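Trainee: Quick one: sequence and predicted model below, then my questions.
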Amino acid sequence: MRGKLLFSGVLLYISAMVQAEEVNDTSKVFDLDEIVVVSQPKDGRLLRHQPLSSTVLTQCEMQTLGVSDLAQLSQYVPSFSMPQYGSRLTSSMYIRGIGSRINNPAVGIYYDNIPLMSKAAFNHHFYHVDRVDVLRGPQSTLYGMNTEGGLVHIYSKNPMVYQGTDIAMGIGTGLTSHAEIAHFHRPTEKFAFSAAAFWNGQRGFFKNQALDEWNDKLEEAGGKMRFVYQPTKKLTLDLTADYQWTRQNAFPYGLYDEEANSVQDPSTTVMNGYKRQMVNTGLNISYKANDWLLSSTTSWQYLRDHMEMDQDYLPADFMHLTQLQKQQALTQELILRSHGQRKWHWTFGVFGSYQWLRTDAPVTFGPEMNAMTAARIMSMMPAYVQMMFKIWEIPDFNVTETFHTPSASVGAFHESTVSLTDRLDVTLGLRYEYSQVKIDYNTAGLVALHYSIPPIDLTNRLTAVLENDSKRSFHQLLPKVGVTYRVDDSGSNIYATVSKGYRAGGYNIQMFSEIYQSEFMNKGKSLSQGDVTLSYTDEDYEAVDETISYKPEESWNYEAGAHLNLLDGKLHADVAVYYMKIRNQQLSMMSPDNNFGRIMVNAGKSHTMGFEVALRGRAFDDRLDWFCNVGAVKAKFDEYDTYNDNTIPFVPACTFSLGGNYRIDRFLVGADLSGQGYTEWNEANTFGQKAYVLLGAHVGYDFGSCNVKLWGRNLTDTKYNTFAVESKAAGEALRFAQRGNPFQLGVDLNVHF
């Protein structure tokens with residue numbers, strides 16, 4: 001059973017739970033989260049009836065726009081940015097100026113009510129998505145730490161309410177291709193299951209000139225099973241198992257000339273690459289009584305990956321990093337909430353998780369780095385001593401690192417919404433969050449010095465071993481207060497909310513390479529006197545602990561907005577303004593001394609402020625469907641070294657998208673614009689990406705059980721960068737950037753039977 005409603009740029013299929021006939025009554029207002037019914041254990045109210053800013057996108061909407069992952073989806077959500085940093089590993093998301101490239105995320109992801117615990121798992125394939133909710137602003141009361149910027153909720157199709165076989169495939173320039181098949185079956189009234197498999201591939205757009213190979217080549221595949229059993233009308237068991245495999249060439253960074261606004265093709269000593277295997281399993285159990293709903297979500301998550309990175313991004317061999325991660329996570333959440341129409345909506349819950357993570361991260365320094373380091377050590381010696389040496393070289397320089405960083409968290413929360421009058425609702429929430437992170441490290445650094453003062457010819461070695469363990473605990477109260485006032489009977493409302501956001505502290509394992517670099521530079525000149533083995537005291541280890549640790553990040557968000565249904569439901573408007581005060585903002589930056597790698601620091605005090613506008617409408621007897629989204633943010637440092645009043649890096653000054661679709665019988669024609677404002681690439685604000693706009697278009701025809709779409713992206717072949725960095729790994733400051741994908745054309749085919 002299928003109904004149709006043109007809404008927000010797409011043809012929406014109304015759930016079989018609504019009606020069998022087409023929806024033609026324009027006097028009734030439909031919200032997207034009302035049309036596409038999903039199971040939400042924490043709050044049964046519609047998102048647009050709550051005191052928060054949100055965006056809902058359905059499967060048909062994403063198919064029409066050509067959205068296949070979160071990075072593409074972010075182009076059509078206000079204040080949401082997920083740059084493509086060159087691999088599935090790097091999945092940084094920024095909402096309202098809050099985000100992070102490494103360590104703890106600032107935006108959480110739930111997939112079918114299962115929290116994804118590893119940032120390395122965020123950027124992956126999502127099967128036959130029914131809808132995606134993006135909640136902006138801190139969601140810490142219901143969802144805990146690391147949702148300070150917001151939350152992305154992804155729901156896949158439920159075989160209990162959707163049956164049949166779906167086949168999707170497509171191909172585009174750069175040999176970008178995909179194929180997916182999924183079967184949804186309900187053999188009895190009490191049992192249903194789905195089985196799906198996919199494959200994605202890409203030849204690439206950027207060729208590595210030194211290696212004569214495409215630097216962004218991708219292959220990935222996987223399979224998913226889902227079983228839903230309802231022995232009674234009240235009890236539901238929902239089991240999911242998802243396996244995915246990825247292999248890709250990665251990080252296609254090339255030399256960047258800002259004045260000419262040009263980026264060279266990548267050219268490295270070794271091919272940057274990323275491989276990943278992961279399994280996500282979850283069991284959702286729910287029991288629905290007349291007035292309440294009890295749900296339990298249990299998950300086990302496994303991830304194993306392997307990254308190779310030429311950290312200098314040059315054909316000369318300066319340094320090379322290998323990183324291998326092996327992670328497992330267990331989560332358990334119990335939730336009891338009210339159910340049905342009532343004046344008091346309440347939710348109680350507890351959440352617990354434990355993660356095991358082992359990271360091996362050896363760093364190998366190449367001959368160019370060794371020569372540069374030897375010259376720097378020699379320069380520390382008096383001139384008369386330098387004249388004595390005939391040979392002075394470093395033949396071996398490496399760092400080996402193994403880290404065990406288990407972590408645990410426990411949270412207890414409650415949220416209530418009380419209807420004081422027929423139009424006025426008050427929301428009160430509070431969460432207590434406790435977390436503990438440990439680090440057990442075994443690292444070693446070795447530098448060998450070969451020198452000759454005829455007739456003496458020697459090779460001396462400096463060895464340093466850091467081996468210790470440490471742990472830190474954090475706890476936090478996370479309150480929320482919201483007020484919602486319904487201004488008319490169509491569901492329009494205005495709201496105001498105050499909430500606290502929080503990211504836990506932790507350990508920055510990238511700092512160990514910096515520690516060894518400092519040690520070798522300070523004590524390297526003693527190598528001329530013989531072998532050296534460095535030893536460390538308890539005080540030294542306390543200093544190391546202070547160096548590698550970073551503090552929790554806390555924020556207060558003050559927000560007001562409105563959800564408006566206008567023109568008899570033909571225009572939906574969502575607006576919000578906000579101000580967020582942040583303390584100890586966790587900032588990813590290049591090491592200030594040598595730029596060999598990224599480190600995590602706390603940036604004193606900072607703030608973000610901005611507004612969001614989302615418009616969706618219909619016209620011309622519902623043949624035209626259009627949308628317009630704008631998000632503007634001003635993110636500044638208030639107290640951070642010499643960078644006070646500077647703009648926080650990696651945050652676009654604005655995001656915007658505009659598009660529409662026109663339906664003529666079975667034909668669908670559409671176009672869209674999306675883009676970002678100026679983005680700073682470092683905390684000093686010395687270089688950045690100018691504002692840019694991307695143009696896309698599509699033409700589709702609906703044959704009934706088959707739909708064909710021709711699409712184009714970046715039709716004007718706009719030149720822009722998704723990321724840029726300044727590095728001194730080669731001894732001088734050089735800038736590198738990753739270009740955005742160029743002009744693309746393709747065709748997609750979707751079949752349902």
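Mentor: Nice, I can see it.
Trainee: what secondary structure does the nearest residue to residue 707 once chain neighbours are set aside sit in?
Mentor: Spatial nearest neighbour of residue 707, chain neighbours left out: residue 750 (4.7 Å); criterion: Cβ to Cβ, 6 or more residues apart in numbering. Heads up, the C-betas are built off the backbone N, CA and C, glycines and all. At residue 750 the chain is in strand, as set by DSSP: H, G, I helix; E, B strand; the rest coil.
Trainee: what's across from residue 750 in the sheet?
Mentor: Under DSSP bridges, the beta-bridge partners of residue 750 are residue 168, residue 707.
Trainee: Bridge partners for residue 294, pull those for me.
Mentor: For residue 294, the beta-bridge partners under DSSP bridges are residue 287, residue 336.
Trainee: likewise residue 559?
Mentor: For residue 559, the beta-bridge partners are residue 497, residue 578 (DSSP bridges).
Trainee: what's the neighbour count on it?
Mentor: The number of residues packed near residue 559 is 23, by other Cβ atoms under 10 Å.
Trainee: same thing with the one 10 residues further on?
Mentor: One way to gauge burial is a neighbour count; for residue 569, by other Cβ under 10 Å, it gives 19.
Trainee: That one belongs to a helix, doesn't it?
Mentor: No - Residue 569 is assigned coil when assessed by three-state DSSP, not a helix.
Trainee: What's the separation between the residue nearest to residue 707 and residue 64?
Mentor: Distance, residue 750 to residue 64, by Cβ to Cβ, to the nearest Å: 11 Å.
Trainee: what residues do these two have in common as contacts?
Mentor: Listed as contacting both residue 750 and residue 64 by Cβ atoms under 8 Å, 6 or more residues apart in numbering are residue 709.
Trainee: circling back: thought the residue nearest to residue 707 was touching residue 167?
Mentor: Yes - the criterion here is Cβ atoms under 8 Å, and residue 750 meets it with residue 167 at 7.3 Å.
Trainee: Name the residue in these two with the higher neighbour count.
Mentor: When residue 750 and residue 167 are compared for neighbours, residue 750 comes out ahead with 20 against 15, by other Cβ under 10 Å.
Trainee: Check the gap between that one and residue 128 for me.
Mentor: Distance, residue 750 to residue 128, using Cβ to Cβ: 10 Å.
Trainee: Next: residue 440.
Mentor: From residue 440 across to residue 128, the span is 41 Å (Cβ to Cβ).
Trainee: who has more neighbours, these two?
Mentor: Shown here are residue 440 and residue 128; by other Cβ under 10 Å, residue 128 has more neighbours (18 against 15).
Trainee: Can you name the residues that contact that one?
Mentor: 59, 156, 157, 166, 180, 182, 194, 196.
Trainee: go with 6 Å
Mentor: Neighbour list for residue 128: 156, 157, 182 [criterion: Cβ atoms under 6 Å, 6 or more residues apart in numbering].
Trainee: What is the least confident helix or strand in this structure?
Mentor: Across the helices and strands of the chain, the lowest-confidence element by mean pLDDT, DSSP states H and E is strand 10-14, at a mean of 31.
Trainee: just to revisit the earlier point, roughly how far does the residue nearest to residue 707 sit from residue 665?
Mentor: Going from residue 750 to residue 665 by Cβ to Cβ gives 18 Å.
Trainee: again with residue 721
Mentor: Residue 721 is 42 Å from residue 665, by Cβ to Cβ.
Trainee: okay, those two: which has more neighbours?
Mentor: residue 721 (23 against 8).
Trainee: close enough to count as contact, that one and residue 735?
Mentor: No - in this structure, residue 721 is not within contact of residue 735 by Cβ atoms under 6 Å, at 10.1 Å.
Trainee: Strands of the stretch 501-650 of the chain, residue ranges please.
Mentor: Using DSSP state E, counting those that start in this stretch, the strands assigned to the stretch 501-650 of the chain run over residues 506-507, 532-534, 549-550, 553-566, 571-583, 586-590, 598-602, 605-619, 624-639.
Trainee: Now do the fourth one: distance to the chain's middle.
Mentor: This points to strand 553-566. Remark: strand 553-566 is offset 22 Å from the chain centroid, using Cα atoms, centre = their mean, to the nearest Å.
Trainee: got it, and the second one?
Mentor: Distance of strand 532-534 from the chain centroid (Cα atoms, centre = their mean) equals 42 Å.
Trainee: which helices and strands does that strand pack with?
Mentor: The contact analysis (3 or more Cβ pairs under 6 Å, 6 or more residues apart in numbering; DSSP states H and E) places strand 532-534 against strand 456-486.
Trainee: can you list contacts of the helix or strand hosting residue 352?
Mentor: Secondary structure assigned from DSSP states H and E places residue 352 in strand 344-360. The contact list for strand 344-360, computed with Cβ under 6 Å, 6+ apart, reads 42, 117, 324-338, 402-418.
Trainee: Now for the nearest residue to residue 676 once chain neighbours are set aside: which residues touch it?
Mentor: Using Cβ to Cβ, 6+ apart and skipping the chain neighbours, the partner closest in space to residue 676 is residue 652 (3.9 Å). Residues in contact with residue 652 (Cβ under 6 Å, 6+ apart) are 81, 676, 677, 679.
Trainee: Equivalent analysis for residue 606, please.
Mentor: By Cβ under 6 Å, 6+ apart, the contact set of residue 606 is 582, 585, 637, 638.
Trainee: Return the residues in contact with residue 214.
Mentor: If a contact means Cβ under 6 Å, 6+ apart, then residue 214 has 203, 204, 207 as its contacts.
Trainee: rerun at 7 Å
Mentor: 203, 204, 207, 249 (Cβ atoms under 7 Å, 6 or more residues apart in numbering).
Trainee: give the contact list for the residue lying closest to residue 509 once chain neighbours are set aside.
Mentor: Among residues not flanking residue 509 along the chain, residue 403 sits closest, at 5.0 Å (Cβ to Cβ, 6+ apart). Contacts for residue 403 (Cβ under 7 Å, 6+ apart) come out as 359, 439, 441, 509.
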